[in-house]
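Novice: Would you be able to build a 3D model of this:
(chains A and B, ligands or ions: 2)
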Amino acid sequence: MAITQAARQRTGDPRIPAPESHYVDDDFYAGLRAHTAALQERGRPLTEAERATAGELVAHEAWLLDQGRFEDWFGLLTDDCFVWAPTSYPPGDPQREVALVADDRRRLRDRIAWIRTALASAQIPESRTAHLLGEPLRVPWTPDDDVVLRASYLVTEVRTEGLRQLAGWCGWVLRGTPDGLRIHRKIVSLVDADRGHRNLTFFL
Amino acid sequence: MRQDLTTLVRPDRVHRSLYTDPAIFAAEMTTLFGGSWTFLAHGSEVPGPHDYVRKRLGQRPVIVTRDGDGAIHALVNRCTHRGATVCRLDAGTATRFTCPYHGWTFSNTGALTGVPWGAGYRTPAGAIDRAELGLGRIRVETYRGFVFGTLDVDAPPLLEHLGYAATVLDDWIDRSPTGEVRVQHGAHRMEFAGNWKLAYDNSADGYHPGFSHRSLLTMRQEQYGAGVDMQYVLADVDAGAQTVADLGRGNTFLDQRGEIPRFWPQAAPSPGREAYEAVLRARLGDALAEEALEPAVGSGMNINLFPNLLIIGNQLQVIEPLAVNRTRLTWYATSIGGVPDEVTAIRMRLQEDFPSFGEPDDLVNFEECQDGLSVPEMEWVMTHRHLQSGRSWIDERTGCETGPVSDELPIRAFWRRWSELMTADLKLAVT
Ligand code: FES
Ligand SMILES: [Fe+2]
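Specialist: Ligands and ions are numbered 1, 2, ... in the order given. Modelled structure (predicted):
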């Protein structure tokens, strides 16, 4: 693969690492399936302390997306992050099914770079979004140093004309890092995942 | 209408109303989709005995079934009593369909097998004639798993209709070491506010990528440097190695393979690339691993089978017209037999690439075409690129008219077939 050192440096954002991606393998998919199953279990409300950390993080994530601050949003993700929005409902097997979004860190960065080219007809003008999250509930997960959360999810989007809404649930796996709590995985399960959609080039 | 139609399609241009007139759309749904060999489904969508899947032929609701002996049928999803659909789920397994309205029951080959309180239909001549009240049956033929249907009772056999397109399809299918294609991996169902033909026009349009896909190409170049993905469309494509061809009867072909010496080294980076490549190299050795990885990447072929199937890269795109200015383009993901599971996993992620970074820009351009085509005073859509440049030739190997990739000969070929069918005296019927 013709990834040169020069190309690596051409990322435009010093926080962004080189474009290799080594962590999406069988074990990774097994983990994603396990998280997806756990996220469908009964959860409990966050404690006061969890609200101040985990609750604040997912609310801040939504705010950054709505503000179009994608580079800042990218900074909330772990190095081995993944965002998944399946085409099936409930979610099927990510390893055997195409998704609306199935992005590792590298492809998320590509998505930001793609919008920032300002050449994408699908994002001229850019989408405006308003993410609305229901109360985040923490689902059981061991080891419990990861915080696994689910919330009802509604995103409203407008680009040219006509408001539209996508609904479902959103799950997060949050992980402690030396820089604080970060988003390790995000799963967006839309109720109409397997139906027709117009332009989905904004961040879910 | 027929008289008008002949003035609307000209050698170098077509009239805007072909994209905007609801009456023409209605005639297309009846005549064009009913009268061609129209793609219905892939056999792997109904893999087992008694599996079924719900589809459309134009706008007619259809059930494609596999019976207990493995034969495939296409039934009109319309109760012969008072018209309700008898099958209401997208897919499943059933030996019979019971109409939820008054309970008439049909076998998965279409026979009427049950009528509640049948005595009510008695006449002095006897009981109800079940034989004449089976579900409508659509003539179907299959080519290597691809199921096509037609209502034209005089249509030539499918293979004759496909002509050289069958050979091109062979090339695509035989990227699988076992010749097995599986359409069982979900789909991207993309809707756009435009006429369905904008999608067909685009599929063999080698003129647009350097412009419509500028965002994708710029992103690739900035992030990964030259040589990754389809950056060959950035230079004058007519000086390059891609071609387009008229395969006959509205079927067309855009061949990118001349620009792709090896697929895997030039593929867009996707999740799992490095990890699975390493696993395969360790397990199979370099040579076999590299061989296995080649078909993980899109085929470099755009095979367009009139009027509704666009086989591009590794996906089957099915054009589903919803209204004159509304279309769903369903991209069925595929996998193939004879390759390691790792290749399938890579293939899933790679089939998300163009739906993420490529097609959305085209779809917006289709929508903007539809908007522009609403202007009554501006009547024509030009289709004459390379019409008189003298650049096309008859390929001796294929017998097909072939041209440089930006030649609009595929669009002109589409319209020739369109005119033929729309003005023909077709006998359309279910059996
Ligand atoms: S409409 Fe089907 S049984 Fe009456
Ligand atoms: Fe395109």
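Novice: and for the longest strand that chain B contains, what are the contacting residues?
Specialist: Counting residues, the longest strand found in chain B (DSSP state E) is strand B:315-323. With contacts defined as CB atoms under 8 Å, 6 or more residues apart in numbering or on different chains, strand B:315-323 is touched by B:22, B:25, B:28-29, B:33, B:39, B:42, B:56, B:58-59, B:183, B:191, B:195-196, B:199-200, B:203, B:298, B:307-311, B:327-334, B:351. For glycine as for every other residue, the C-beta is placed from the backbone atoms N, C-alpha and C.
Novice: Please tell me how far the closest residue to ligand 1 within the stretch 101-250 of chain B sits from B:W117.
Specialist: Sorted by distance to ligand 1 under CB to the nearest ligand atom, the residues of the stretch 101-250 of chain B start with B:H102, at 3.4 Å. With distances taken as CB to CB, to the nearest Å, B:H102 is found 9 Å from B:W117.
Novice: Looking at the two, which one has more neighbours?
Specialist: Higher neighbour count among B:H102 and B:W117: B:H102, with 13 against 8, using other CB atoms under 10 Å in any protein chain shown.
Novice: circling back: give me the subset of the contacts of strand B:315-323 lying in helices.
Specialist: Filtering these for membership in helices, criterion DSSP state H, returns B:P22, B:F25, B:F33, B:A199, B:Y200, B:S203.
Novice: looking at it, the fifth one is touching B:F414, isn't it?
Specialist: Think B:Y200. Yes - counting by CB atoms under 8 Å, B:F414 is a contact partner of B:Y200 at 6.1 Å.
Novice: thought B:V64 was touching B:V46?
Specialist: Yes - B:V64 lies in contact with B:V46 (CB under 8 Å); the separation is 6.2 Å.
Novice: ok so, going back, got a pLDDT number for the residue of the stretch 101-250 of chain B closest to ligand 1?
Specialist: Per-residue pLDDT puts B:H102 at 98.
Novice: show me the contacts for it.
Specialist: B:H81, B:R82, B:P116 are the contacts of B:H102 under CB under 8 Å, 6+ apart.
Novice: pLDDT below threshold where in the stretch 1-150 of chain B?
Specialist: Residue ranges of the stretch 1-150 of chain B with pLDDT under 70: B:1-3.
Novice: Contact partners for the residue of it found nearest chain A?
Specialist: For the stretch 1-150 of chain B and chain A, the shortest gap (CB to the nearest CB) falls at B:D90, measuring 8.1 Å. By CB under 8 Å, 6+ apart, the contact set of B:D90 is B:V53, B:R54.
Novice: Next: B:H386.
Specialist: By CB under 8 Å, 6+ apart, the residues touching B:H386 are B:S392, B:G403, B:P404, B:S406, B:D407, B:E408, B:L409.
Novice: following the strand or helix carrying the second one, which helix or strand comes up?
Specialist: It refers to B:G403. In this assignment (DSSP states H and E), B:G403 forms part of strand B:401-404. Next in sequence after strand B:401-404, counting helices and strands by DSSP H and E, comes helix B:409-422.
Novice: for that next one, what is the average pLDDT?
Specialist: The average pLDDT within helix B:409-422 is 97.
Novice: by contact count, what packs against it?
Specialist: Secondary-structure packing of helix B:409-422 (3 or more CB pairs under 8 Å, 6 or more residues apart in numbering or on different chains; DSSP states H and E): helix B:2-8, strand B:9-10, helix B:197-203, strand B:243-248, strand B:251-255, strand B:401-404.
Novice: Looking at these, which is nearest to A:D72?
Specialist: Proximity to A:D72 (CB to CB) singles out helix B:197-203 among these, at 36.2 Å.
Novice: Averaged pLDDT, that closest one. What do you get?
Specialist: Helix B:197-203 carries an average pLDDT of 98.
Novice: re earlier: now, which of the contacts of strand B:315-323 lie within strands?
Specialist: B:39, B:42, B:56, B:191, B:309-311, B:327-332.
Novice: Strands along chain A, start to end?
Specialist: Along chain A, counting by DSSP E, strands occupy A:44-45, A:77-86, A:99-104, A:128-133, A:137-138, A:146-158, A:164-177, A:180-190.
Novice: Mean pLDDT for the ones you listed - can I get that in JSON lines?
Specialist: Output for those, formatted as JSON lines (pLDDT from 0 to 100):
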{"stretch": "strand A:44-45", "mean pLDDT": "98"}
{"stretch": "strand A:77-86", "mean pLDDT": "97"}
{"stretch": "strand A:99-104", "mean pLDDT": "98"}
{"stretch": "strand A:128-133", "mean pLDDT": "98"}
{"stretch": "strand A:137-138", "mean pLDDT": "98"}
{"stretch": "strand A:146-158", "mean pLDDT": "98"}
{"stretch": "strand A:164-177", "mean pLDDT": "97"}
{"stretch": "strand A:180-190", "mean pLDDT": "98"}
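Novice: Pick the most deeply packed of those.
Specialist: Among those, ranked by average contacts under mean count of other CB atoms under 10 Å in any protein chain shown, first place goes to strand A:99-104 (a mean of 24).
Novice: Neighbouring strands - and their directions - for that one?
Specialist: Note on strand A:99-104: by DSSP bridges, its sheet partners are strand A:77-86 (antiparallel).
Novice: give the contact list for the spatially closest residue to B:A74 that is not a sequence neighbour.
Specialist: Nearest residue to B:A74, sequence neighbours excluded (CB to CB, 6 or more residues apart in numbering or on different chains): B:I138, at 3.9 Å. Going by CB under 8 Å, 6+ apart, B:I138 touches B:L40, B:L57, B:V62, B:A74, B:L75, B:V76, B:G149, B:T150, B:L151, B:V430, B:T431.
Novice: List the ones among those that fall in strands.
Specialist: Going by DSSP E, the strands hold B:L40, B:L57, B:V62, B:A74, B:L75, B:V76, B:G149, B:T150 from those.
Novice: Quick check: the two most widely separated of those?
Specialist: Pairwise distances across these (CB to CB) peak at 14.4 Å, for the pair B:L75 and B:T150.
Novice: State the number of residues packed around the residue in chain A that ligand 1 sits nearest to.
Specialist: Closest approach of chain A to ligand 1 (CB to the nearest ligand atom) occurs at A:R195, with a separation of 26.0 Å. Using other CB under 10 Å, A:R195 has 12 other residues around it.
Novice: Correct me if wrong: it contacts B:R189.
Specialist: Yes - A:R195 is within contact range of B:R189, at 6.3 Å (criterion: CB under 8 Å).
Novice: Point out the residues in chain B that sit beside ligand 1.
Specialist: Applying CB under 6 Å from any ligand atom, one finds that chain B approaches ligand 1 through B:C79, B:H81, B:R82, B:G83, B:A84, B:C99, B:Y101, B:H102, B:G103, B:W104.
Novice: Distance from stretch B:28-48 to the middle of the chain?
Specialist: Computed by CA atoms, centre = their mean, to the nearest Å, the separation of stretch B:28-48 from the middle of its chain amounts to 9 Å.
Novice: and if you look at stretch A:194-204?
Specialist: Distance, centroid of stretch A:194-204 to centroid of chain: 14 Å (CA atoms, centre = their mean).
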